[in-house]
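**Q** This is the structure alone, sequence omitted:
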């Protein structure tokens, strides 16, 4: 099967065609608000006061986002708070992204005021979006797609139907030679032995078990029953009783294909196939990491049965990767249908099988890949991003 | 696939599971037709309390300290006796993992 995408110089295929401006902060923010077709990352994680390991994560995320196939060209400037650290040096970031062959411009403003630099950036960005708009979509094989998934506000419909439908989609995508990313290190505790059995080799199996062990050790150091933190209150209100139950339902979203490796947050897979990512569940964090790893599309499989208050669902967390909201919960769909791109509660209602819903999801993803907007994409609202860092802030 | 007219449905994933997830709001005393995702067998149990959509019902008596099984895997341990037809949730089940509150860490 095929979709209509944008071919990049490195052979990757974009499903969108943005100019990216990094790092986050006022310069990027003003330019991207003023010039159409631009994206930037909105985050307080500048790298200032962070350990080398965390600065490397931030750099990997920014570079990966620039390399993402949905990005036509990139503007990098050196006015981020963390730019003085070698890992986050403007030229280092620009050179790494330029290896893809795409156009990367360094916004040089060493003698400029902030607003002078903004004006320079606006002029440059206008020229770059116009240039990007000359590229036309062409037909490409679905094996060029990389999709990342998170399950959230999970309830018991997630593990029974919602995640298995995504799992069916993942199996089909990987079977066709595509790439699929899943993660959430806390939400494999209690199910890691099942994932380890699906690892392609012993090394990968050990890496999966090690992620679960390390995460559980970190949790225990807090001295609380993890259930007071995760499963989160909306999980418990949605019928999930323990972390083990949540995890066993959560891993269903990964399908049944062999797991090729364990990736760090924002790390790009070396080959195609299914990968586990050592990341954190927050939607403001995880989708950015998937986009930095090369995902052109990201999925939020929502339970929602335990959501309280007027929770707003939209999220721009993937920055350059469009997000689809999915749910299998009939009550959630009745309440939040305006925000939901895909509904699989039909399986619970007896109208469809998991396989039929999975096929429908596959077709929808190809449609979105070809340019159809998701519900979230119709909004100009931008959520902040949270890069997944692990060390103390100093 | 799962719901069936006005009949109240409970879904168990594996035949070894001792809990099922109800796919309707179930009132105390109502019959629940329990289906198993891994085979075609069914059985009927009677709910002994109100069980909201998406929550779990005990398929048999579960003794205090006994494992609670869903997906054919251990999801926790009963902290008190749970009779067949009763609601199974945080009030009568504890997790075994990530127990920083316990001396031995769970």
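**A** That came through, no problem. Because the structure is predicted, anything quoted here is derived from the model rather than measured. Numbers count the residues shown, from 1 in each chain, chains lettered A, B, ... in the order given.
**Q** any idea of the pLDDT on the spatially closest residue to residue A:393 that is not a sequence neighbour?
**A** The shortest distance from residue A:393 to any non-neighbouring residue, by Cβ to Cβ, 6 or more residues apart in numbering or on different chains, is to residue A:49 (5.5 Å). For the C-beta atoms, the positions are set from N, CA and C on the backbone; glycine is no exception. Listed pLDDT for residue A:49 reads 92.
**Q** And the residue of the stretch 151-300 of chain A closest to chain B?
**A** The nearest approach of the stretch 151-300 of chain A to chain B comes at residue A:226, 3.0 Å away (Cβ to the nearest Cβ).
**Q** scratch that, the stretch 1-150 of chain A is what I was asking about
**A** Closest residue of the stretch 1-150 of chain A to chain B, Cβ to the nearest Cβ: residue A:149 (18.8 Å).
**Q** how near is the most centrally placed residue in chain A to residue A:319?
**A** Centroid-nearest residue in chain A: residue A:287, 2.1 Å away (criterion: Cα atoms, centre = their mean). As for residue A:287, its distance to residue A:319 is 8 Å (criterion: Cβ to Cβ, to the nearest Å).
**Q** same deal with residue A:303?
**A** 25 Å.
**Q** picking up where we left off before, give me the distance from the helix or strand hosting the residue of the stretch 1-150 of chain A closest to chain B to the chain's centre.
**A** Using DSSP states H and E, residue A:149 sits within strand A:146-152. Distance of strand A:146-152 from the chain centroid (Cα atoms, centre = their mean, to the nearest Å) equals 7 Å.
**Q** Equivalent analysis for stretch A:212-228, please.
**A** Its chain's C-alpha centre and that of stretch A:212-228 lie 25 Å apart, by Cα atoms, centre = their mean.
**Q** go on, stretch A:357-366?
**A** From the chain centre to the centre of stretch A:357-366 is a distance of 19 Å (Cα atoms, centre = their mean).
**Q** again with stretch A:231-238
**A** Mean-position distance between stretch A:231-238 and its chain equals 23 Å (Cα atoms, centre = their mean).
**Q** same thing with stretch A:366-376?
**A** In terms of Cα atoms, centre = their mean, the centre of stretch A:366-376 is set 16 Å apart from its chain centre.
**Q** And the closest residue to chain A within chain B, how close does it get to residue A:214?
**A** As assessed by Cβ to the nearest Cβ, chain A sits closest to residue B:98 within chain B, at 3.0 Å. Residue B:98 sits at a distance of 12 Å from residue A:214 (criterion: Cβ to Cβ).
**Q** ok, how many other residues are close to the closest residue in space to residue B:41 that isn't next to it in sequence?
**A** Leaving aside its chain neighbours, residue B:41 sits nearest to residue B:15 (7.3 Å; criterion: Cβ to Cβ, 6+ apart). As a burial measure, residue B:15 scores 11 neighbours (other Cβ atoms under 10 Å in any protein chain shown).
**Q** wait, residue B:15 sits on residue B:40?
**A** No: using Cβ atoms under 8 Å, residue B:15 is not in contact with residue B:40, being 10.7 Å away.
**Q** Find the nearest non-adjacent residue to the residue of chain B closest to chain A, please.
**A** That would be residue A:226: by Cβ to Cβ, 6+ apart, it lies 3.0 Å from residue B:98.
**Q** do residue A:338 as well
**A** Spatial nearest neighbour of residue A:338, chain neighbours left out: residue A:375 (7.3 Å); criterion: Cβ to Cβ, 6+ apart.
**Q** what does residue B:51 give?
**A** Distances taken as Cβ to Cβ, 6+ apart place residue B:26 nearest to residue B:51, at 4.4 Å, with adjacent residues excluded.
**Q** One more: residue B:67?
**A** Nearest residue to residue B:67, sequence neighbours excluded (Cβ to Cβ, 6+ apart): residue B:74, at 4.8 Å.
**Q** ok, the residue of the stretch 151-300 of chain A closest to chain B to residue A:152 distance?
**A** Distance of residue A:226 to residue A:152, given as Cβ to Cβ: 17 Å.
**Q** who touches the residue in chain A sticking out farthest from the centre in this structure?
**A** The outermost residue of chain A, judged against the average C-alpha position, is residue A:111 (36.2 Å), by Cα atoms, centre = their mean. If a contact means Cβ atoms under 8 Å, 6 or more residues apart in numbering or on different chains, then residue A:111 has no contacts.
**Q** now do the one 10 residues further on
**A** With contacts defined as Cβ under 8 Å, 6+ apart, residue A:121 is in contact with A:21, A:27-28, A:30-31, A:75, A:77, A:107.
**Q** mind running it again at 6 Å?
**A** For residue A:121, the contact set (Cβ atoms under 6 Å, 6 or more residues apart in numbering or on different chains) comprises A:31, A:107.
**Q** likewise residue A:357?
**A** Counting by Cβ under 6 Å, 6+ apart, residue A:357 makes contact with A:165, A:344, A:347.
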